[in-house]
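# kindly generate the corresponding structure for this input.
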Amino acid sequence: MSSETQTHRESLLLSRKFRRIVVKIGSGVLADAEEGLRVPFIRALAVQVAQAWEERGIAFVVVTSGAIAAGRKKMGMGEKPRTVALKQAAAAVGQTSLMYAYERAFERRGRKVGQLLLTHEDFESRERYNNARSTIETLLARGIVPIINENDTVATEEIRLGDNDHLAALVTQMIGADLLILLTDSDGVFTRDPHRDKDARLIALIGTIDEELLRTVGGQRTQSLGTGGMRSKLLSARVVSESGTPVVIGSGLSHRSITDILAGKEVGTLVLPVDRGKRNSRKMWIAYARHPQGTIVVDDGAARVLREEGKSLLPAGILSVQGKFRRGDAVSISDPRGQEFARGISAWTSKQVERCRGKKSPEVRAILGEGTPAEVVHRDNLMILPPRETPGGRKGVGT
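Have a look, this model is predicted:
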């Protein structure tokens, strides 16, 4: 690591006043296929969290993997479960051991823990989203460490969050955390796969996570017992960093990972935050917590008005609609080249959009009636996604 990079890392991590930190721990750190849970790591985590909370007043939320991996050991499974039923059974068995280990470890450090099991439905519904956030806020106010995991025992493919990297990013935005730490069984992000290439170098500092970087690290292996790889971590880090929050991706196998990160030491990869000012929490929920049910393609004029003037989306500027959605569903909004640049909540159904795309307001009223909202997506329900650098220096947007 160069002296300039180290200085940048120290200035960011040491100058900031961290109020809340989300720590996500991968299965490759928490569990071993033969040994089961790595209890010494959980104890070391508790020591670091309790110390930072007591000495620096930093509240922590832990997003944990490991339930299925822990359940495999208890159920005597030699191989990774492949069917949904076996995965859910292993999660049900392993979750008790996982929480017991956390409870014992934090009790030794004078801290209580609280468990939250979430699915994507808890983020899709604004009411459930607010309830989950309120629960976390209440736990933190009482000095209790929330331990969050996806509810693998009931989640189906339709309501799965995908992996706990994505869950950690959503939780970071939900509570307005100041830092996200992704602990894995790798030392960070490398130029090549370090398992296959001895010349691979650690990338200490990342300013922009572009498509070229995602392609470069896409095949790097991490967390052999879990579902997320390095690409998953970078995608989650991109969402969080674009919200103005720094992210550190580093090894969780050290018993001082969190302490060293907060001290600005040469640990892992630091993804720098993008300074775009304070973001509206409801619009962040629209953009990142809700899953788009369809896509509305608009012409360049409409794209410019939405991006630059903060206007609502009207039917006159719509070229086409893809997918099926109802009123109140989240939708993706793309330009004529298929580049997503916004997300929003539709006030119309996909059928209504298809019937009235390209038409002016008088024509719309004649077709749909006076009671239909004039805006397909109102500006209060619209989030413009941050621009991104794509290969060749061209700016793009969206995910």
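# how near is Lys283 to Val377?
Look at Lys283 and Val377: by Cβ to Cβ, to the nearest Å, they are 12 Å apart. Just so you know, the C-beta spots here come from the backbone N, C-alpha and C atoms, and that holds for glycine as well.
# out of those two, which sits in the busier spot?
The neighbour comparison of Lys283 against Val377 (other Cβ atoms under 10 Å) goes to Val377, with 26 against 16.
# what pLDDT does the model give the more buried one?
On the pLDDT scale, Val377 is placed at 97.
# repeat for Gly396
What the model reports as pLDDT for Gly396 is 43.
# tell me the secondary structure for the nearest residue to Pro292 once chain neighbours are set aside?
With Cβ to Cβ, 6 or more residues apart in numbering as the criterion, Pro292 has its nearest non-adjacent residue at 4.1 Å, and that residue is Ser332. Classification of Ser332 by DSSP: H, G, I helix; E, B strand; the rest coil places it in strand.
# how much space separates the closest residue to Arg192 other than its chain neighbours from Ser186?
Counting by Cβ to Cβ, 6+ apart, Arg192 lies nearest to Ala200, which is 4.0 Å off, once chain neighbours are set aside. Ala200 is 10 Å from Ser186, where distance means Cβ to Cβ.
# which neighbours do the two have in common?
Counting by Cβ atoms under 8 Å, 6 or more residues apart in numbering, the shared contacts of Ala200 and Ser186 are Pro194.
# more neighbours, the two?
Applying other Cβ under 10 Å to Ala200 and Ser186 shows that Ser186 carries more neighbours, namely 28 against 14.
# for that one, give me phi and psi.
In terms of degrees, to the nearest 10, the main-chain angles of Ser186 are phi -110, psi 160.
# domain map for this protein?
3-281, 292-397 (automatic domain parsing).
# what separates the last one from the chain centre, distance-wise?
Spelled out, it's domain 292-397. From the chain centre to the centre of domain 292-397 is a distance of 24 Å (Cα atoms, centre = their mean, to the nearest Å).
# same question for the longest one.
Computed by Cα atoms, centre = their mean, the chain-centroid distance of domain 3-281 equals 10 Å.
# which SSE is the residue nearest to Arg192 in?
For Ala200, there is no enclosing helix or strand under DSSP states H and E.
# got a pLDDT number for the spatially most central residue of the chain?
Compute the mean C-alpha point of the chain, and by Cα atoms, centre = their mean the closest residue is Ala169, 2.4 Å away. We note a pLDDT of 92 for Ala169 in this prediction.
# could you do Ala200 as well?
Note for Ala200: predicted pLDDT of 84.
# how close does it get to Asp187?
Taking Cβ to Cβ as the measure, Ala200 falls 10 Å from Asp187.
# same deal with Ala59?
Look at Ala59 and Asp187: by Cβ to Cβ, they are 27 Å apart.
# cool, Pro81 as well?
29 Å.
# contacts only, for the residue nearest to the centre of the chain.
Ala169 sits in contact with Leu180, Ser236, Ala237, Val239, Val240, Tyr288, where contact means Cβ under 8 Å, 6+ apart.
# could you rerun that using 10 Å?
Applying Cβ atoms under 10 Å, 6 or more residues apart in numbering, we find Ala169 in contact with 22, 24, 63, 161, 180, 182, 232-233, 235-241, 243, 245, 247, 288-289.
# buried members of the residues you listed into PyMOL, please.
Burial among the contacts of Ala169 is assessed by 16 or more other Cβ atoms under 10 Å; the matching PyMOL selection reads:
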select buried, resi 22+24+63+161+180+182+232+233+235+236+237+238+239+240+241+243+245+247+288+289
